[in-house]
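Trainee: With the sequence up front, the predicted model follows.
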Amino acid sequence: MPPVPPAASILASLGQATFAWDLASDAMAWSDNVATVFPDIPVAALASGAELAKLIEPSRSIRVDALGHAAPSRSGEPVPYRIEYGVRSVTSAPVIWIEETGCWFAGPDGRPSRVQGIVRVNNERHARDEQLLKLSRHDPLTGELNRTHLVASLAESIEECARFRTSCAFMLIGIDHLARVNDAFGFDVADAVIAEVAKRIRARLRSGDMLGRFSGNKFGLILRNCTVDDTNVAAERFLAAVRDEVVPTRSGPVSVTASIGAVTIPRHAKSAEEAVNRAQETLDAAKSRRAGSFALWKPNVERDAQRRVNIRVTDEIVTALNERRIVIGFEPVVDARSRQPSFYECLVRMEQDDGRALLAPDIVPVAERLGLIRLVDHRVLELAIAELAAAPDVQLSLNISPDTTMDPDWWATIESLMRAHPGVGERLIVEITETVAIQDIDDVRGFVTRLKNFGSRIAIDDFGAGYTSFRNLRKLGVDIVKIDGAFVQNIVRSADDRAFVQTLIDLARRLEIKTVAEWVQDEEAAVMLREWGCDFIQGRLIGLASPDRPWNVPAEKVVPAAG
């Protein structure tokens, strides 16, 4: 068996040294290999706890504090502790990170009297911990603050502004059309663009300003001690930095622009959440106006009033859905020649506590804007199917919103209802707006095909207000076009509207597509439409929507589907 090496030799090979520390005299005794742990530090600087403390950072009292925070010793048992600190003899020298593990022994009064332990160099672990800390705070692609710490820094800045009566600004910088770069060149090139934009913004920041990556294509900036004028100047500086030079990538140069939304603090934002929301709002406004532009948030009485209305109406719509106060009115659509009802359009109504009802124009736009229209469409579908199931001779049309056309839950509902009520699909007309019909012709064609498999017909609502070609109508297999009432209501007085409506009717007839003229106001217009070959008319002349059923089915026989 080989001889056991001396303990000092083992400790030296591991980069460790031992010590004994007498607290009464503050004297420290070290093993002979102490120089391997503390190179370039004079032995005299290690002779006492006070002298060693002068070399320690960031907290010089860490060794004494570790003893004071430990639990009191009982029956002379040693009390363990473990700490980590940095040491260096001069500020120009690199910090040596030390891990100290030891235990102290109590004197007669129960307080620490002497300490013994081991110290070892721990630079690698400290560097690893520092890297992990950096990764937890910074975006790995750009090296800037991540969203969590950016928002935390924003909250601190807002508090400082309020405390010291200063001002700052928060900006969101969004790279325009980054998705196009992704599609054209790939994600690696898009990442190169993001990193380069961050570098250009960073190069134009003042000392004390903060930059972070807020989301995929957005950066957040905190500009300290920044007035409104300063904000405008800074915004143009950042916009120019992004747009003036192309971004070199391995796939070639890429030209990009950025848009900026900003808010002044604390004048127009008292919290981080409010600052982020308002900067995002102005960024959206800048992008919608023109890519590569800047917008600064300003108070807007009408916008704030509308938001209060939105909050109230959102609550009212959700409550009305829960309380089954969403109902439908039936507007007749009649044969243009016989004036006999051909079908009825279902129009949404919301009953209020005072007995009055909000009509579709009051409900649908708000529900679409607030993301509630899908719930409304679900309920109206259930009500319409229930009416068709209770009245075998009735035909109904149902208008659905753009979002609902691609809603898998809506499809699941209609398929379930169709199976539960065989035959109702053949008496259902589903109306989609012209804008939906041209968004993605292939997706909409799939939507139409599935409905036609139930025997339902498809109508294009508000036809003439958009850009749908008759070629697309043929591709989609549309059965009916409803001519936008904005053109129909003035055909008696407007030669242009007469020519437009007559042309639409003639083209539809040649393609064997039925036509409905909306908003027919008077008999003279109805006669014109009939002579031009329009198939159906609806509007004030015929009768507006009513919650009363025009057919003979008692209300108690109509059982709305559960949902």
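Mentor: Good, I have the coordinates. Numbers count the residues shown, from 1 in each chain.
Trainee: got the end-to-end distance for stretch 84-91?
Mentor: Its start and end residues considered, stretch 84-91 measures 19 Å (CA to CA, to the nearest Å).
Trainee: Using PDB, write down the CA coordinates of stretch 479-486.
Mentor: This file holds the C-alpha atoms of stretch 479-486, laid out as PDB (Å, rounded to 0.1, in the frame of the first residue of the first chain):
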ATOM      1  CA  ASP A 479     -76.200  30.300 -54.000                       C
ATOM      2  CA  ILE A 480     -77.300  33.800 -53.100                       C
ATOM      3  CA  VAL A 481     -75.800  37.300 -53.200                       C
ATOM      4  CA  LYS A 482     -77.300  40.000 -51.000                       C
ATOM      5  CA  ILE A 483     -76.600  43.400 -52.600                       C
ATOM      6  CA  ASP A 484     -75.400  45.900 -50.100                       C
ATOM      7  CA  GLY A 485     -78.300  48.200 -49.100                       C
ATOM      8  CA  ALA A 486     -76.000  51.200 -49.300                       C
END
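Trainee: Outside of it itself, list whatever touches it.
Mentor: In this structure, residues lying in contact with stretch 479-486 by CB atoms under 8 Å, 6 or more residues apart in numbering are 429, 431, 457-465, 473, 501, 504-505, 508, 513-519, 534, 536, 539. C-betas here are computed from N, CA, C, even on glycine.
Trainee: now this structure, which segments are flagged as low pLDDT?
Mentor: 1-9, 12-13, 69-76, 126-127, 129-136, 434-440, 465-471, 552-563 (pLDDT under 70).
Trainee: Regarding it, what is its longest helix?
Mentor: If each helix of the chain is counted by residues according to DSSP state H, the longest one is helix 301-322.
Trainee: So what touches it?
Mentor: 325-326, 350-351, 363, 366-367, 369-370, 372, 375-376, 379.
Trainee: Going by distance to Ala203, which of these wins?
Mentor: Arg369 (40.5 Å; CB to CB).
Trainee: if I look at the closest one, how far off is Trp410?
Mentor: Distance, Arg369 to Trp410, by CB to CB, to the nearest Å: 19 Å.
Trainee: what's the answer for Arg356, then?
Mentor: Counting by CB to CB, the gap from Arg356 to Trp410 is 29 Å.
Trainee: what do you get for Ser207?
Mentor: For Ser207, the distance to Trp410 - CB to CB - is 55 Å.
Trainee: Neighbour count: those two, which is higher?
Mentor: Ranked by neighbour count (other CB atoms under 10 Å), Ser207 and Trp410 place Trp410 first, with 18 against 5.
Trainee: ok, the residue most central in space within the chain - contacts?
Mentor: In the chain, the residue lying closest to the centroid (CA atoms, centre = their mean) is Ser215, at 9.3 Å. Ser215 makes contacts with Arg147, as judged by CB under 8 Å, 6+ apart.
Trainee: Run through the bridge partners of it.
Mentor: Lys218 (DSSP bridges).
Trainee: Wait, Tyr81 touches Gln116, no?
Mentor: No - using CB atoms under 8 Å, Tyr81 makes no contact with Gln116, being 11.3 Å away.
Trainee: the more surrounded of these two?
Mentor: Tyr81 (19 against 14).
Trainee: which SSE is that one in?
Mentor: strand 79-87 (DSSP states H and E).
Trainee: Give me the contact list for stretch 33-48.
Mentor: Counting by CB under 8 Å, 6+ apart, residues outside stretch 33-48 touching it are 8-9, 11-12, 15-17, 19, 26-28, 30, 51-52, 54-55, 87, 89, 93, 96, 98, 119-121.
Trainee: May I see the ChimeraX selection of the buried members of the residues you listed?
Mentor: Selection of buried members from the contacts of stretch 33-48 for ChimeraX, criterion 16 or more other CB atoms under 10 Å:
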select :11,12,16,17,19,28,30,52,55,87,96,98,119,120,121
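Trainee: Inside strands: which ones of the contacts of stretch 33-48?
Mentor: Among the contacts of stretch 33-48, the ones falling in strands (DSSP state E) are 16-17, 19, 27-28, 30, 87, 96, 98, 119-121.
Trainee: now, which of those sits nearest Ser259?
Mentor: Using CB to CB, the ones in strands among the contacts of stretch 33-48 come closest to Ser259 at Ile96, 48.7 Å.
Trainee: Nearest residue to Gly86 in space, please, no chain neighbours.
Mentor: Excluding the flanking residues, the one nearest Gly86 by CB to CB, 6 or more residues apart in numbering is Val95, at 4.0 Å.
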